[in-house]
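Asks: Return a 3D structure for these sequence lines:
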Amino acid sequence: MMFTVLRASRPVRVLYIARGISEIGNWCANIALPMLIYEVTHDVSATALMVCCRFAPSLFSVALAQLPQKMGIGTLQAMRLADLIRAGLFVCYIFVDSKWSMFAITCAVSLCRTVEMPCFYSLLRANTNSINRDVINNSFGFLQNLMMVLGPVAGGFVVAQFGAEAVLALDALSFAASFWLLRDVPSVIEVNDKEGISKNEKNRTAFSDLSAKHLAIGFLLIDISSGVAFGSLNSLLPAIAQLQFDSSSIQYGFLQSSLTIGLLFGNTIYGRLISGSDCVKSYCFVTYLALGAYLAFGYRYASGISFIFLFIVGAGNAIQDVLLITSLQDLARDESESISLFSIRESLQSVAVVISTLLVSLFTSIAMFSILVTGLGVFSIMMVVVFQLNYLRKM
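Replies: Predicted coordinates for the structure are as follows:
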């Protein structure tokens, strides 16, 4: 995967490096910020409220992502501005001592990320062609999942050695470095997309024959329904570990690690098994696979093979994400439409997190957890079946 990016154009390589630097800053902050807010308030509810502040702006992603265009700011300039603002905001974290100030800064940081992500995928679309777009998307997915593993570990080490303020200072430097690197990415580029018959030709033909709008809606509906199911694991895993096992922290670590390693494995095998196949059929297949493993975990959460089910969920989720991103990029006709599609996706992902968290909070026993998993899993599978039948009918 790294070699794929190294062979790509210079703008893509710069985007890859800048994304890696800023992502490790994001994930390090996930360790430092909760610890910092708890040091200031000694209140667990304040930490929970900070988490809400991180997700709140994403609910309005559709409107926020259009702001740069309405203000006459280009896609690249919007990304660089978001990095520069976040660099300054993380410095502010170090000096504030009020929880309300921290909440306000957290909302501002999240707002910047909400604006940045659709711009990033749109810029990546503009700098790649359909021959290798899915493979490059997979490389970025692997990078993001790797930072999700390394970021908290690195953040925890720095916090233990130097304090939360040191992590925040490093986060500010990471966003400043990303701002500096992105200067080498052209804001407008013409990509040659006619280099013979690409391995994604079947996908582009299918997309041109079908209503792009209907396809995009179908992809996004499956994304939010499966997102609610998979998002529930964030709350279910700690509860299951606490209620079912004696060494809850160790078991939770194993469960979470199985899911994360699965994500990395999914990105690793994508190029060999999935790349170049029909996007819609592959997307439906890996979603079925991941949801099937999710249902199996709901019934066998206390067994030794529960880790395998979570591993499959993670692998399927990683591949599903790459296929969805690539499909939305192919469906978009221009930069504005690309930003709109990815901003809608950002907003729906936040809605999925809110819904899954609320649903899990209603279930207080292990037996009820199985009922919840079954309901979410079956509903999501039905959504995929309807989408696939509709796709096959129109082909």
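
Asks: from memory residue 105 sits against residue 86, does it?
Replies: No: with contact taken as CB atoms under 8 Å, residue 105 and residue 86 are classed as non-touching, separated by 9.8 Å. C-beta here means a position set from N, CA and C on the backbone, and glycine is covered the same way.

Asks: residues touching residue 263, list them.
Replies: 145, 148, 314, 315, 317, 318 (CB atoms under 8 Å, 6 or more residues apart in numbering).

Asks: what separates residue 299 from residue 377, distance-wise?
Replies: With distances taken as CB to CB, to the nearest Å, residue 299 is found 10 Å from residue 377.

Asks: which one of those two has more residues nearby?
Replies: Legend: neighbour count by other CB atoms under 10 Å for residue 299 and residue 377, higher for residue 377 (23 against 13).

Asks: wait, doesn't that one sit right on residue 298?
Replies: Yes: with contact taken as CB under 8 Å, residue 377 and residue 298 are classed as touching, separated by 6.7 Å.

Asks: returning to that earlier point: okay, residue 105 and residue 86: which has more neighbours?
Replies: In this comparison of residue 105 against residue 86, neighbours counted by other CB under 10 Å, the higher total goes to residue 86 at 29 against 20.

Asks: Which of the three states applies to the more buried one?
Replies: Taken by DSSP: H, G, I helix; E, B strand; the rest coil, the conformation at residue 86 corresponds to helix.

Asks: residues in contact with it?
Replies: Counting by CB under 8 Å, 6+ apart, residue 86 makes contact with 109, 112, 113, 172, 175.

Asks: Buried ones only from the residues you listed, please, as a ChimeraX command.
Replies: Restricted to the buried members of those, where burial is judged by 16 or more other CB atoms under 10 Å, the ChimeraX selection command reads as follows:
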select :109,112,113,172,175
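
Asks: among the contacts of residue 86, which are in helices?
Replies: 109, 112, 113, 172, 175 (DSSP state H).

Asks: the helices in the stretch 251-395 of the chain, which residues?
Replies: With DSSP state H, counting those that start in this stretch as the definition, the stretch 251-395 of the chain shows helices at residue ranges 279-299, 306-331, 335-361, 366-394.

Asks: Okay, now the unreliable bits of the stretch 101-250 of the chain?
Replies: Where the stretch 101-250 of the chain drops to pLDDT under 70, the residues are 130, 186-211, 239, 241-250.

Asks: Recalculate using a threshold of 50.
Replies: Low-confidence segments of the stretch 101-250 of the chain, defined by pLDDT under 50, span residues 189-209.
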